[in-house]
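S.K.: here is a sequence together with a model predicted from it:
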Amino acid sequence: MLTQAIAQKLDMPPEALEKASLRAFLEARRRETEAQLFLLAKKHGVQTVQEFDAAVQAGRIREEDGFEDFLVFDRLEADREKILEALQSLP
């Protein structure tokens, strides 16, 4: 109902408003996720979770210092993939 009312005020079809809203939400989440990934990557000098794991294995990152960041990095990469898939599924 709220979508209908706002779409009417904006003089646009509710479906177009819904699609634009979903796209804007997903793009904002993607940017937020990528910003967090960038900060972790910069902090540890890696680009991917695989590089992170290799750096831990090689001793460049102490496991005790990077364990929590590794888990966060892995989750953020998974979240980014889900967001990108959702964006691609939008008509």
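M.R.: Sure, I can see it. These numbers come from a predicted model, not from an experiment.
S.K.: in stretch 63-80, what counts as buried?
M.R.: Judged by neighbour count (16 or more other CB atoms under 10 Å), stretch 63-80 contains these buried residues: 66, 69, 70, 73, 76, 77, 79, 80. Every residue, glycine included, has its C-beta placed from N, CA and C.
S.K.: mind checking the longest helix of the chain?
M.R.: helix 14-44 (DSSP state H).
S.K.: pretty sure residue 69 sits against residue 41.
M.R.: No: using CB atoms under 8 Å, residue 69 makes no contact with residue 41, being 10.0 Å away.
S.K.: and the contacts of stretch 67-81?
M.R.: For stretch 67-81, contacts defined as CB atoms under 8 Å, 6 or more residues apart in numbering pick out 29-30, 33-34, 36-37, 40-41, 43-44, 48-49, 52-53, 56.
S.K.: among those, which ones are buried?
M.R.: Those of the contacts of stretch 67-81 that meet the buried threshold are 29, 30, 33, 36, 37, 40, 41, 44, 49, 52, 53, 56, by 16+ other CB under 10 Å.
S.K.: tell me who's in contact with the third one.
M.R.: Translated: residue 33. Counting by CB under 8 Å, 6+ apart, residue 33 has contacts 76, 79, 80, 83.
S.K.: and if you look at the second one?
M.R.: Taking CB under 8 Å, 6+ apart, we find residue 30 in contact with 80, 83, 84, 87.
S.K.: ok, and the most crowded of those residues?
M.R.: Compared across those, residue 83 has the highest neighbour count, 20 neighbours, by other CB atoms under 10 Å.
S.K.: before we move on, which element is that one in?
M.R.: helix 63-89 (DSSP states H and E).
S.K.: tilt between the helix or strand of the chain with the lowest mean pLDDT and helix 14-44?
M.R.: In the chain, the helix or strand scored least confidently by mean pLDDT, DSSP states H and E is helix 49-58, which has a mean of 89. Counting by axes from the mean of the first three to the mean of the last three CA atoms, to 10 degrees, helix 49-58 lies at 20 degrees to helix 14-44.
S.K.: helix 63-89 and helix 49-58, what's the angle between them?
M.R.: Going by the same axes, to 10 degrees, helix 49-58 makes 170 degrees with helix 63-89.
S.K.: could you say what helices and strands helix 49-58 packs with?
M.R.: Judged by 3 or more CB pairs under 8 Å, 6 or more residues apart in numbering; DSSP states H and E, the packing partners of helix 49-58 are helix 63-89.
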